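Q: Pasting the sequence and the predicted coordinates here, then a few questions.
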Amino acid sequence: AQSVTQLDSQVPVFEEAPVELRCNYSSSVSVYLFWYVQYPNQGLQLLLKYLSGSTLVKGINGFEAEFNKSQTSFHLRKPSVHISDTAEYFCAVTKNYGQNFVFGPGTRLSVLP
Amino acid sequence: DTEVTQTPKHLVMGMTNKKSLKCEQHMGHRAMYWYKQKAKKPPELMFVYSYEKLSINESVPSRFSPECPNSSLLNLHLHALQPEDSALYLCASSHENTGGATEAFFGQGTRLTVV
């Protein structure tokens, strides 16, 4: 079975600073990787996904992530954050047909003025 | 239309009540999901429907009863719930893609409070 680790439960960062949210996964088979964002009292919105091809994927709102198979990682980055990026960020994996997404525990990003 | 619509947005129910949560999508997705999310936790998968048939039930108590009347609708019938069932219930849908995987699209959720 696959599992997802997000080592940082909370990440405070000042506005306009860069940020990296870490995600590591474990699986005995190839997986597909996703980052979702959840604003307070809302559902989850897809930021970006890695299915195949280029290991550097770009998403919405200026976010990007790099798939590293040897390190089993899929870290999320943004070069300059805004106050509006304050939210919960979930890394997720699935291995077949998109069913049974397994979510990491989440990282709370707080952007400070 | 890339939305998954959930109703109601908020629901307060007593432990003896019967209520239903509804979910609708018009993206032609043939996989639909129910997730339960407690505060400060990730979503936990409850049920998966594939082509209107229940394909995954993650050992959910029988007081939760899913139903998929057609390819666009997904219901979750609630009966005799407990206060610990209070949570955000999220519906999601995705393409069935035998060649790989696609993302799940999530609704805004129903905030359920059991009193």
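A: Now that the structure is in, tell me what you want to look at. Worth saying up front: this structure is predicted, and the values here are computed from it rather than measured.
Q: so who does the most centrally placed residue in chain A touch?
A: Compute the mean C-alpha point of chain A, and by C-alpha atoms, centre = their mean the closest residue is residue A:35, 3.5 Å away. When contacts are counted by C-beta atoms under 8 Å, 6 or more residues apart in numbering or on different chains, residue A:35 touches A:21, A:23, A:46-49, A:59, A:63, A:65, A:74, A:76, A:89-92. In short, each C-beta sits where N, CA and C put it, glycine included.
Q: Just checking: what are the partner strands of the lowest-mean-pLDDT helix or strand in chain A?
A: Taking mean pLDDT, DSSP states H and E as the measure, strand A:102-103 is the helix or strand of chain A with the lowest mean score, a mean of 89. Paired with strand A:102-103 in the same sheet, following DSSP bridges, are strand A:87-94 (antiparallel).
Q: buried sites along the partner strand?
A: Using 16 or more other C-beta atoms under 10 Å in any protein chain shown as the test for burial, strand A:87-94 gives A:87, A:88, A:89, A:90, A:91, A:92, A:93, A:94.
Q: Off-centre distance for the least confident helix or strand of chain A?
A: 11 Å (C-alpha atoms, centre = their mean, to the nearest Å).
Q: can you pull up the bridge partners for the residue nearest to the centre of chain A?
A: Following DSSP bridges, residue A:35 is listed with bridge partners residue A:48, residue A:91.
Q: would you list every one of the strands in chain A?
A: A:3-5, A:10-14, A:19-21, A:24-26, A:32-38, A:44-50, A:56-58, A:64-68, A:73-78, A:87-94, A:102-103, A:107-112 (DSSP state E).
Q: Quick one: list the elements packing against the third one.
A: Secondary-structure packing of strand A:19-21 (3 or more C-beta pairs under 8 Å, 6 or more residues apart in numbering or on different chains; DSSP states H and E): strand A:10-14, strand A:73-78, strand A:107-112.
Q: what's next to the least confident helix or strand of chain A, contact-wise?
A: Residues contacting strand A:102-103 (C-beta under 8 Å, 6+ apart): A:1, A:2, A:3, A:4, A:36, A:90, A:91, A:92, A:93, A:94, B:42, B:43.
Q: And for stretch A:46-63?
A: Around stretch A:46-63, the neighbours that count as contacts under C-beta under 8 Å, 6+ apart are A:32-37, A:64-69, A:74, A:76-80, A:85, A:89, B:100-105.
Q: Now a PyMOL select for only the buried ones of those residues.
A: In PyMOL, a selection of the buried entries from these looks like this (16+ other C-beta under 10 Å):
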select buried, (chain A and resi 32+33+34+35+36+37+64+65+66+67+74+76+78+85+89) or (chain B and resi 101+102+103+104+105)
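Q: any low-confidence regions in the chain?
A: Looking at chain A here, since you left the chain open. A:96-99 (pLDDT under 70).
Q: other chain: chain B
A: In chain B, residues with pLDDT under 70: B:1-2, B:97-101.
Q: To chain B, which of the helices and strands packed on strand A:19-21 lies closest?
A: strand A:107-112 (8.2 Å; C-beta to the nearest C-beta).
Q: Quick check: can you name the pairing partners of the closest one and their directions?
A: Note on strand A:107-112: by DSSP bridges, its sheet partners are strand A:10-14 (parallel), strand A:87-94 (antiparallel).
Q: what angle separates that strand from strand A:32-38?
A: 50 degrees (axes from the mean of the first three to the mean of the last three C-alpha atoms, to 10 degrees).
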